[in-house]
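Visitor: pasting a predicted model and its sequence here:
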Amino acid sequence: MASNVTAGHDQLEPDSIGHDPAELGELERTVLQLMWQHGTMTAESVRDELYQQDRPLKDSTVRTVLRRLEEKGYVTHTLDNRTFLYSPAEAAPMVAGRAVKRILEWFCEGSVEQLLVGMVDSSVLDRKELQRLAERIATAQTAGDAGAKDLDGKGGK
């Protein structure tokens, strides 16, 4: 199996891809969701999945959407004989993180606190979810502190 992935693309930092998830069209988002659900797919399997969602599209349309997603850095492909096998370039949470970063910049002056307060006030996050998030942050901080101790020789194994 030969790879046709753009050289060096898989080594890019998530923010360096340069495309804003907010700029994805509705069909592009749908195809990307399919890729995240199914992993590697051919254009034909994408077309079949869209047909099952009552979205019959021409083969050329599906291939154009996949090509555009690849140009934007959301999808990569490998070549198996003469068949393009498409895969998501990065996991959904990474793309979501970039989208949230853009929302922070647009509406919250970069403040995560403002975003979270808004999510709580508008019932996007309930108290249980907020508690789980606080616990996860505390765990990440503890792990980060342990890593820093390991680096300065004052802790670790």
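Guide: Here it is on my side, so go on.
Visitor: low-confidence stretches in the chain?
Guide: In the predicted model, the chain carries pLDDT under 70 at residues 1-18, 146-157.
Visitor: list the buried ones in the helix ranked longest in it?
Guide: In the chain, taking DSSP state H as the definition, the longest helix is helix 127-152. Residues of helix 127-152 classed as buried under the neighbour-count rule (16 or more other C-beta atoms under 10 Å) do not occur. To be clear about C-beta, it is placed using only N, CA and C from the backbone, and glycine gets the same treatment.
Visitor: repeat for stretch 43-56
Guide: For stretch 43-56, the neighbour count (16+ other C-beta under 10 Å) marks 43, 46-47, 49-50 as buried.
Visitor: looking at these, which one is closest to Leu133?
Guide: In terms of C-beta to C-beta, no member of these lies closer to Leu133 than Glu49, at 32.6 Å.
Visitor: got a list of contacts for the helix or strand hosting the closest one?
Guide: Using DSSP states H and E, Glu49 sits within helix 43-52. Helix 43-52 has contacts (C-beta atoms under 8 Å, 6 or more residues apart in numbering) with 30-31, 34-35, 38, 41, 56-57, 59, 62-63, 66, 84, 86.
Visitor: now, of these, which are buried?
Guide: Neighbour-count burial (16+ other C-beta under 10 Å) applied to the contacts of helix 43-52 gives 30-31, 34-35, 41, 57, 62-63, 66, 84, 86.
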